[in-house]
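J.: Next come a sequence and a model predicted from it.
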Amino acid sequence: MSTAPLTGRRAYVTGGSRGIGAEIVRRLTTDGAAVAFTYSASSAHADKLVAELTADGAKVLAIQADAADREQSVAAVDRAAAELGGLDIVVNNAGAVYWAAVEDFPAEEFERLMAINIGGVFWTTRTAMKHLGDGARIVNIGSVNADRIPGPGLSVYGMTKGAVASFTRGLARDLGDRGITINNVQPGPIDTDMNPDEGDFAAIMKAVTTQGRYGSAADIAALVGFLAGPESGYITGATLNVDGGFTV
Ligand code: NDP
């Protein structure tokens, strides 16, 4: 019988209660990792996921922490490391989107996107770095909108995800001598609460893919599971699209 590839590894996932993050939590626990994940608001989804995975025998911990808040981000990483006994895998998944033309973009929405999509990634990663051992893994969830914007209103969101891609490249250099890899997974249209398959913008999104359809959160989690695992050690600083051909 083969051993699950992440047995004994300790993982931290931001925004793990719903959508892509929840599927990443499922994948990492299925692969044998103990997982701590954050959520921002109501604990209902987080509690349900913990109950589901605990019943399957996994070690899972949910932590309320707003990724827009530096102190909460830092405290949540430190708490996860304390409760799991260290960290080996970090997945920066929490993110927010707001559609508006630049001239109409509300100041508070601009600040919120910067705080979650850039600040949250920075403070989580910076705090986690002191807990990570040699050979650890960091995976950021960016977006294909860093590279391609299919219609108006997404320039600010795209800007934040472009920052994630640049940060990933720089940090790969900073962490190379510790054998720590960091990669940027860019989803195309994935059916979640953020981007529902039947939502207002679904037709535009589908038209840009090669297959005319949305992907699933499991499509993203599969690549994250591989990048978190033992066979991906020579992949670092990379941006990898899981997008149904959205960017071709
Ligand atoms: P959802 O909105 O469906 O889920 C977001 C998750 O993140 C929830 O668990 C939510 O928790 C949590 N979250 C949201 N805001 C915060 C915050 N401030 N602090 C902590 N947790 C937070 O999003 P998706 O699953 O669709 O997106 C996940 C990532 O993938 C994001 O970074 C997004 O930009 C990216 N992405 C998504 C695409 C898509 O088509 N879906 C395409 C490209 C990129 P809670 O339940 O508490 O709200």
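T.: Yes, it's here.
J.: for this protein, longest strand please?
T.: For the chain, the strand that runs over the most residues, judged by DSSP state E, is strand 132-141.
J.: After it, heading C-terminal, what element do we hit next?
T.: Downstream of strand 132-141, the next assigned helix or strand under DSSP states H and E is helix 155-175.
J.: Show me what that following helix is packed up against.
T.: Under the contact criterion of 3 or more CB pairs under 8 Å, 6 or more residues apart in numbering; DSSP states H and E, helix 155-175 touches helix 107-113, helix 121-129, strand 132-141, strand 181-187. Just so you know, the C-beta spots here come from the backbone N, C-alpha and C atoms, and that holds for glycine as well.
J.: quick one on the thing from earlier: pull up the pairing partners for the longest strand of the chain, direction included.
T.: strand 87-92 (parallel), strand 181-187 (parallel) (DSSP bridges).
J.: Mind listing residues that contact the first one?
T.: With contact meaning CB atoms under 8 Å, 6 or more residues apart in numbering, strand 87-92 is reached by 6, 9-14, 21, 24, 28, 33, 77, 80-81, 120-121, 124-125, 128, 131-133, 135-141, 164, 224, 228.
J.: do that again at 6 Å, thanks
T.: 9-14, 24, 81, 121, 124, 128, 131-132, 136-140, 228 (CB atoms under 6 Å, 6 or more residues apart in numbering).
J.: Quick one: low-confidence residue ranges for the chain.
T.: 1 (pLDDT under 70).
J.: wait, what's in contact with the residue nearest the centre of the chain?
T.: Among the residues of the chain, the one closest to the centroid is Asn93, at 1.9 Å (CA atoms, centre = their mean). Under the criterion of CB under 6 Å, 6+ apart, the neighbours of Asn93 are Val13, Thr14, Gly15, Gly21, Ile141.
J.: Contacting the ligand as well, which ones from the residues you listed?
T.: Thr14, Gly15, Gly21, Ile141 (CB under 6 Å from any ligand atom).
J.: Among those, name the buried ones.
T.: For the ones next to the ligand among the contacts of Asn93, a neighbour count by 16 or more other CB atoms under 10 Å gives the buried set as Thr14, Gly15, Gly21, Ile141.
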